[in-house]
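The following block contains a protein sequence and its predicted model.
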Amino acid sequence: MLWCYEQAQQLAQKGEVVLCVDEKPNIQVLHGDQPVRSMQPGRIELREFEYKRHGTVNLLAKLVVHSCRMRSWDLERNNGD
C-alpha cells in the first residue's frame, strides 16, 4: 500500500492515478461563541467547557497524491449511497 504513495509521481507519468480517500463520520457541530478569558502574562487562555450541540456532519475527502489536490464533500446523511 505505501508503495503506491512512494511511486505516485512515476505512476502518474504512466497514466495511473493514486487516490487517498477517507470518511470522517459524525463530526460534532458545536456552537462557536464560547466565552473566552484572554491570555495574560503568566496565564493561559481559558474557554468555557460547556457548548451547544447542533447535530453532526459526515465528511468525505479525497487527495490526488501526485498533485496534492484535495476535495471534500459533506453528506446530509450517511446511508451508503
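Nice, thanks for sending it over.

And the helices in this protein?
Under the criterion DSSP state H, the chain contains helices at 2-6, 8-13.

so which of those helices is the most packed in?
Most buried of those, by mean neighbour count (mean count of other CB atoms under 10 Å): helix 8-13, with a mean of 14. Where you see a C-beta, it was placed from the backbone N, CA and C, and this is true even at glycine.

rounded to a whole number, what's the mean pLDDT of it?
Here helix 8-13 scores 92 as its mean pLDDT.

got the CA coordinates for it in PDB?
In PDB, the C-alpha atoms belonging to helix 8-13 read as follows (Å, rounded to 0.1, in the frame of the first residue of the first chain):
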ATOM      1  CA  ALA A   8       2.700   8.300  -7.100                       C
ATOM      2  CA  GLN A   9       4.700  10.600  -9.500                       C
ATOM      3  CA  GLN A  10       6.000   7.800 -11.600                       C
ATOM      4  CA  LEU A  11       2.600   6.100 -11.800                       C
ATOM      5  CA  ALA A  12       1.000   9.500 -12.800                       C
ATOM      6  CA  GLN A  13       3.500   9.700 -15.700                       C
END
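
thinking again about what came up before, just put the helices of the chain in JSON lines and tack on distance to His66.
As requested, the helices of the chain are exported to JSON lines (distance: least, CB to CB, whole Å):
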{"stretch": "helix 2-6", "distance to His66": "9"}
{"stretch": "helix 8-13", "distance to His66": "4"}
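
Out of those, the one nearest Cys20 is which?
helix 2-6 (7.6 Å; CB to CB).

Contacts for that closest one next, please.
Residues outside helix 2-6 that contact it (CB atoms under 8 Å, 6 or more residues apart in numbering): Leu11, Val18, Cys20, Val65.

mind showing which ranges of this structure have poor pLDDT?
Within the chain, the ranges that satisfy pLDDT under 70 run 1, 30-35, 48-53, 77-81.

And the strands in it, which stretches?
Ranges of strands within the chain are 19-30, 36-37, 46-47, 53-64, 69-75, based on DSSP state E.

For the fourth one, what is the distance to the chain centroid?
Yep, that's strand 53-64 we're talking about. Relative to its chain's centre, strand 53-64 lies at 7 Å (CA atoms, centre = their mean, to the nearest Å).
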